[in-house]
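Student: here's a sequence, model it:
(2 chains)
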There are 2 protein chains.
Amino acid sequence: MNDRILTLRNKMAGLNIQGMIITKPVNIKYLTGIDAEGILLITRKENIYLTDSRYIEYVSNIITPFDEIVIDDFKNISEDDYESFFMFCENVGFEENYVTYATYKKFMHTYKINNFVEAECLMDKLRMIKDDGEINNIRKACEITDNCFEFLTKYIKPGMTEIEIAKKIEQYYLENADGNSFDTIVASGENSSKPHAIPSDRKIEEKDIIVIDMGCKYNGYCSDMTRTIFVGEPTNDQKKIYNLVLENQKKVLDEMKDGANIRDLTKIVTSNFELYDYDLVHALGHGVGLEIHEDPVLRTTNDNNLKEKMVVTDEPGIYIAGNFGVRIEDTVLIKKEKNEVLTKSSKDYIII
Amino acid sequence: MNDRILTLRNKMAGLNIQGMIITKPVNIKYLTGIDAEGILLITRKENIYLTDSRYIEYVSNIITPFDEIVIDDFKNISEDDYESFFMFCENVGFEENYVTYATYKKFMHTYKINNFVEAECLMDKLRMIKDDGEINNIRKACEITDNCFEFLTKYIKPGMTEIEIAKKIEQYYLENADGNSFDTIVASGENSSKPHAIPSDRKIEEKDIIVIDMGCKYNGYCSDMTRTIFVGEPTNDQKKIYNLVLENQKKVLDEMKDGANIRDLTKIVTSNFELYDYDLVHALGHGVGLEIHEDPVLRTTNDNNLKEKMVVTDEPGIYIAGNFGVRIEDTVLIKKEKNEVLTKSSKDYIII
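Tutor: Here you go, the predicted structure:
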């Protein structure tokens, strides 16, 4: 059986869960490699992937005998089959943050489940630790993002709109990767003071600061990077805030490694910002993988430790309402005694 | 109060529903024009939009006093406020196909709701009938799709891959619209026999048939069109199937108008296909609007009638496994005594 499904089964056993219905596409892709429409049943005896005629051929080509996954067409499954899948299972798990209420009710009824328990965290925990293949994909996505950013530093000129620049980034990612991994943020001038600004028709002007938050997908895996750049020489105010954010971003990088406590890492930034009367208004970072936002979330309420082979972001920011904002973000691979910053674009003042 | 919310309130009253929590973004956009992160509460007395500091300014600029929507920040809402929103409501509705099981449980608890009832159909029904503004947006999205298709007929050449062509379509939509409205299908040669083929590395060859299913978004509204084109003179087999599909697509168009029964429309195609031993393996069509797939679904199990100002697709297809397939699809506006085909690209043999 493939390692990922085996690990899931071990985690299920630890929670007295005998069966599981997996429907979230990235979780199915993670466990099986399959990128289609269907569902994965982990039953006592078997791993079963149910799909329809559109995908049977494609799926059969992806699965190897080693995976031990039975493939079947929904249309071959009788009412009795459904009721037998989880017979004698005390607890069956499902993904409570993905499955809609309507689907939950349908599953309960169709599979005649006794105890249908919230078990999405099993998948989230599994996916937090990346294997070498996953790391290579994220590494490549980060490399393409670095290249795109280098292209941008030559491309962006006063007079262009934020939307124009954001579309250019998305076109670059379409040509060089599998598209963007989230809605690109290009926030210039006073717009940069909104942490989640939506690109607007605002034209880039002299003396603007521009926050660019960008990432792409490569083989399904995401990258995530933010740089804040300057149109013309930065003002003293801009430099002061930029240096404060960068200093904190680097302090966190100095401490990010296997065993580092997430709350402590976040407190480095919140405590230092407080000294200058600033707040960290969003999380310090988040896991990155098949999804752009995965576990762990890096915030003071998370008392867990980083572990080797997690991939997380480090992205402090300061936002001065109506004036300007600065955010600097890298995607970081956690290692035993240190870390490796996967996004390598310069964090010196970038002046266009 | 704005017309759309008023109509929703009337429909709610008809079902003895006194309150509603709306969380699906397109439903909120439909009712309020707001395109942000937040939720809309329809309470006995008020319409309340809850969001966070990122969106307060943007939302305040969108809403007019005429809308009668109270805007507030989640962080100002106390535990008591939540419990008071739906006090004295016998039934409160929610969107059962959008709300996850985890959110359902959280809402039940936070709002202290007595009877939380599945009411998504209220929104689906409301959105089926388009107003003039919506129709104009869909019309424009269809026009851009026609232009893109014209561009394609000159662009596509043997030797290009399906992925290359699909990316070109998506780039065209990025430049001329707000991106594509669904994953573009470019299925050539034997791949065209899969109704929902995913673009592959297969290169276009002489004598290929190519099914292209494409659509864009304009002001949030979708277009949807499929054309099947030929590389070089079509074979007799290809012509025979093409003509059969086209004939049926046109027969349906002849009958599509206010009052036409959906089951009867679908039977036109299924009965005719049967005469030649073919099956219609997917729905005949679907509603189009803020989402690419909306109500009504056009299939034999739907006994409802089309209504004026619905926008639906008409997309019969025949797929001969391992050989080739043909699908022809238009987006169609239903009118009182007739219809208007919004996608106007030629359906004659297109040979590249």
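Student: the helices in the stretch 101-250 of chain A, which residues?
Tutor: A:101-110, A:120-128, A:132-155, A:162-176, A:236-255 (DSSP state H, counting those that start in this stretch).
Student: can you tell which of the ones you listed is closest to chain B?
Tutor: helix A:101-110 (4.2 Å; C-beta to the nearest C-beta). From N, CA and C alone the C-beta is placed, and that goes for glycine too.
Student: ok, and what's touching that closest one?
Tutor: By C-beta atoms under 8 Å, 6 or more residues apart in numbering or on different chains, the residues outside helix A:101-110 that reach it are A:21, A:23, A:82, A:94, A:99, A:113, A:116, B:94, B:96-97, B:99-101, B:104, B:118, B:120.
Student: need the helices of the stretch 101-250 of chain A in JSON lines (columns: mean neighbour count and mean pLDDT).
Tutor: Below are those laid out as JSON lines (neighbours: other C-beta atoms under 10 Å in any protein chain shown; pLDDT from 0 to 100):
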{"stretch": "helix A:101-110", "mean neighbour count": "17", "mean pLDDT": "96"}
{"stretch": "helix A:120-128", "mean neighbour count": "19", "mean pLDDT": "96"}
{"stretch": "helix A:132-155", "mean neighbour count": "18", "mean pLDDT": "98"}
{"stretch": "helix A:162-176", "mean neighbour count": "20", "mean pLDDT": "95"}
{"stretch": "helix A:236-255", "mean neighbour count": "17", "mean pLDDT": "98"}
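Student: which one of these lies nearest to B:Asp213?
Tutor: Smallest distance to B:Asp213 across those (C-beta to C-beta): 18.5 Å, for helix A:162-176.
Student: how distant is the closest one from the center of its chain?
Tutor: 20 Å (C-alpha atoms, centre = their mean, to the nearest Å).
Student: helices or strands up against that helix?
Tutor: helix A:132-155, strand A:185-188, strand A:209-214, helix B:162-176 (3 or more C-beta pairs under 8 Å, 6 or more residues apart in numbering or on different chains; DSSP states H and E).
Student: quick one, domains of chain A?
Tutor: Using automatic domain parsing, the domain parsing of chain A gives A:3-127, A:132-341.
Student: first-to-last residue distance for the last one?
Tutor: Taking C-alpha to C-alpha, to the nearest Å, the first and last residues of domain A:132-341 lie 16 Å apart.
Student: what does stretch A:220-229 give?
Tutor: First-to-last residue span, stretch A:220-229, C-alpha to C-alpha: 29 Å.
Student: can you report how many residues neighbour A:Phe324?
Tutor: 25 (other C-beta atoms under 10 Å in any protein chain shown).
Student: quick one: it from chain B, how far?
Tutor: 16 Å (C-beta to the nearest C-beta, to the nearest Å).
Student: for that residue, which residues are in contact?
Tutor: Contacts of A:Phe324 (C-beta under 8 Å, 6+ apart): A:Gly189, A:Glu190, A:Ser192, A:Ser193, A:Ile209, A:Gln238, A:Ile241.
Student: closest one to B:Lys267 out of those residues, please.
Tutor: Nearest to B:Lys267 among those, with distances taken as C-beta to C-beta, is A:Ser192, at 58.3 Å.
Student: wait, what's in contact with that closest one?
Tutor: So A:Ser192 contacts A:Ile209, A:Ile210, A:Val211, A:Thr228, A:Tyr319, A:Phe324, A:Gly325, A:Val326 (C-beta under 8 Å, 6+ apart).
Student: let me have those in a markdown table, extended by pLDDT.
Tutor: What follows is the contacts of A:Ser192, written out as a markdown table (pLDDT from 0 to 100):
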| residue | pLDDT |
| --- | --- |
| A:Ile209 | 97 |
| A:Ile210 | 98 |
| A:Val211 | 98 |
| A:Thr228 | 98 |
| A:Tyr319 | 96 |
| A:Phe324 | 96 |
| A:Gly325 | 97 |
| A:Val326 | 98 |
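Student: buried among those? Make that a ChimeraX selection.
Tutor: To isolate the buried members of the contacts of A:Ser192 in ChimeraX, using 16 or more other C-beta atoms under 10 Å in any protein chain shown:
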select /A:209,210,211,228,319,324,325,326
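Student: farthest-apart pair in the contacts of A:Ser192, please.
Tutor: Greatest spacing in those, by C-beta to C-beta: A:Ile210 and A:Tyr319 (14.0 Å).
Student: turn the helices and strands packed on helix A:162-176 into JSON lines, columns for distance to B:Asp72.
Tutor: As requested, the helices and strands packed on helix A:162-176 are exported to JSON lines (distance: least, C-beta to C-beta, whole Å):
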{"stretch": "helix A:132-155", "distance to B:Asp72": "37"}
{"stretch": "strand A:185-188", "distance to B:Asp72": "25"}
{"stretch": "strand A:209-214", "distance to B:Asp72": "27"}
{"stretch": "helix B:162-176", "distance to B:Asp72": "36"}
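Student: residues in chain A within reach of chain B, list them.
Tutor: Within chain A, the residues that sit near chain B (C-beta under 8 Å from any C-beta of the partner chain) are A:53-54, A:58, A:94, A:96-104, A:118, A:120, A:167, A:170-171, A:174-175, A:194-196, A:198, A:281.
Student: hey, C-alpha coordinates of the lowest-mean-pLDDT helix or strand in chain A in PDB?
Tutor: In chain A, no helix or strand scores lower on mean pLDDT, DSSP states H and E than helix A:56-62, which sits at a mean of 88. Taking C-alpha atoms only, helix A:56-62 is exported to PDB below (Å, rounded to 0.1, in the frame of the first residue of the first chain):
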ATOM      1  CA  ILE A  56     -11.900   5.600 -15.400                       C
ATOM      2  CA  GLU A  57      -9.300   5.400 -18.100                       C
ATOM      3  CA  TYR A  58      -7.200   8.300 -16.800                       C
ATOM      4  CA  VAL A  59      -7.400   7.000 -13.200                       C
ATOM      5  CA  SER A  60      -6.400   3.400 -14.200                       C
ATOM      6  CA  ASN A  61      -3.300   4.800 -15.800                       C
ATOM      7  CA  ILE A  62      -2.200   6.700 -12.700                       C
END
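Student: and A:Thr300, how many residues sit next to it?
Tutor: Neighbour number of A:Thr300 under other C-beta under 10 Å is 17.
Student: contacts only, for the closest residue to it other than its chain neighbours.
Tutor: Distance criterion C-beta to C-beta, 6 or more residues apart in numbering or on different chains; nearest residue to A:Thr300, sequence neighbours excluded, is A:Thr266 at 4.8 Å. Counting by C-beta under 8 Å, 6+ apart, A:Thr266 touches A:Leu280, A:Ala283, A:Leu284, A:Leu298, A:Arg299, A:Thr300, A:Asn302.
Student: what angle separates the host helix or strand of A:Thr266 from helix A:236-255?
Tutor: Secondary structure from DSSP states H and E places A:Thr266 in helix A:262-275. Taking axes from the mean of the first three to the mean of the last three C-alpha atoms, to 10 degrees, one finds helix A:262-275 and helix A:236-255 inclined to each other by 160 degrees.
Student: quick one: contacts of the helix or strand just after helix A:262-275?
Tutor: Per DSSP H and E, helix A:262-275 leads on to strand A:285-287 as the next helix or strand towards the C-terminus. Here strand A:285-287 makes contact (C-beta under 8 Å, 6+ apart) with A:128, A:293-298, A:310-315, A:329.
Student: who does A:Val332 bridge with?
Tutor: A:Val312, A:Val341 (DSSP bridges).
Student: how many neighbouring residues does it have?
Tutor: A:Val332 - counted by other C-beta under 10 Å - has 25 other residues nearby.
Student: correct me if wrong: it contacts A:Lys257.
Tutor: No - using C-beta atoms under 8 Å, A:Val332 is not in contact with A:Lys257; the gap is 9.8 Å.
Student: what is in contact with the two at once?
Tutor: In contact with both A:Val332 and A:Lys257: A:Asn339, using C-beta under 8 Å, 6+ apart.
Student: residues contacting the residue in the stretch 251-352 of chain A positioned nearest to chain B?
Tutor: Residue of the stretch 251-352 of chain A nearest chain B, by C-beta to the nearest C-beta: A:Val281 (7.9 Å). By C-beta under 8 Å, 6+ apart, the residues touching A:Val281 are A:Pro195, A:Gly317, A:Tyr319, B:Ser53.
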